[in-house]
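Colleague: compute the structure for the input listed below.
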Amino acid sequence: MAEVSFYTNVADRLPYVCRLLRKAQLSGARVGVLGPPAMLERLDAALWTFEPTEFVPHVRVADAPLRPALQRTPVVLAERVESIPHRHMLLNLGSDLPPAFDTFERVLEVVSRDEQQVQAGRMRFKRYRELGCQVSHHVVSD
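Modeller: Numbers count the residues shown, from 1 in each chain. Sure thing, here's the model as predicted:
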């Protein structure tokens, strides 16, 4: 069963996700990022610009239909979980429990202070626990 980590009380979700992905990538992790198209587009742009002296190698599934590019890139942005070629780590940016999350070793959930996100995050947290996942909770401070 996947180990699930929640990061809550995040003031600005996009920069926090960029930092989290940088940390994961630097540790050698391979991360699939699942989310709605508009969010993935914003994240793609943010990953190119968030740190002027660093780069987080990433690719959007829509931009790299060829399997080799997806296999080589440590961070894959996808609208569907089936499109993610590796099963090391999943970062869920959607509001629902991701399908097939249990095929990943680890799942990351980043929840902002927005009330809708908080409520959706609580529902996912509860559901992961009901399914028997080991869930950890990290409250992010400013």
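
Colleague: need the contact list for the most centrally placed residue in the chain.
Modeller: Taking C-alpha atoms, centre = their mean, the centroid of the chain lies closest to residue 91, which sits 1.8 Å from it. By C-beta atoms under 8 Å, 6 or more residues apart in numbering, the contact set of residue 91 is 17, 20, 21, 31, 32, 33, 34, 107, 108, 109, 110. Where C-beta positions appear, they are placed from N, C-alpha and C, glycine not excepted.

Colleague: how about these in JSON lines, adding distance to residue 96 and pLDDT?
Modeller: JSON lines is the format used below for these (distance: C-beta to C-beta, whole Å; pLDDT from 0 to 100):
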{"residue": "17", "distance to residue 96": "17", "pLDDT": "98"}
{"residue": "20", "distance to residue 96": "20", "pLDDT": "97"}
{"residue": "21", "distance to residue 96": "21", "pLDDT": "97"}
{"residue": "31", "distance to residue 96": "19", "pLDDT": "97"}
{"residue": "32", "distance to residue 96": "16", "pLDDT": "97"}
{"residue": "33", "distance to residue 96": "15", "pLDDT": "98"}
{"residue": "34", "distance to residue 96": "10", "pLDDT": "98"}
{"residue": "107", "distance to residue 96": "13", "pLDDT": "98"}
{"residue": "108", "distance to residue 96": "15", "pLDDT": "98"}
{"residue": "109", "distance to residue 96": "11", "pLDDT": "99"}
{"residue": "110", "distance to residue 96": "15", "pLDDT": "98"}
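
Colleague: from these, which land in strands?
Modeller: 31, 32, 33, 34, 107, 108, 109, 110 (DSSP state E).

Colleague: neighbour count and distance to residue 82 for those - can I get that in JSON lines?
Modeller: As requested, the ones in strands among the contacts of residue 91 are arranged in JSON lines below (neighbours: other C-beta atoms under 10 Å; distance: C-beta to C-beta, whole Å):
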{"residue": "31", "neighbour count": "24", "distance to residue 82": "16"}
{"residue": "32", "neighbour count": "24", "distance to residue 82": "10"}
{"residue": "33", "neighbour count": "26", "distance to residue 82": "14"}
{"residue": "34", "neighbour count": "25", "distance to residue 82": "10"}
{"residue": "107", "neighbour count": "24", "distance to residue 82": "16"}
{"residue": "108", "neighbour count": "21", "distance to residue 82": "19"}
{"residue": "109", "neighbour count": "25", "distance to residue 82": "20"}
{"residue": "110", "neighbour count": "21", "distance to residue 82": "22"}
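
Colleague: no more questions from me, cheers.
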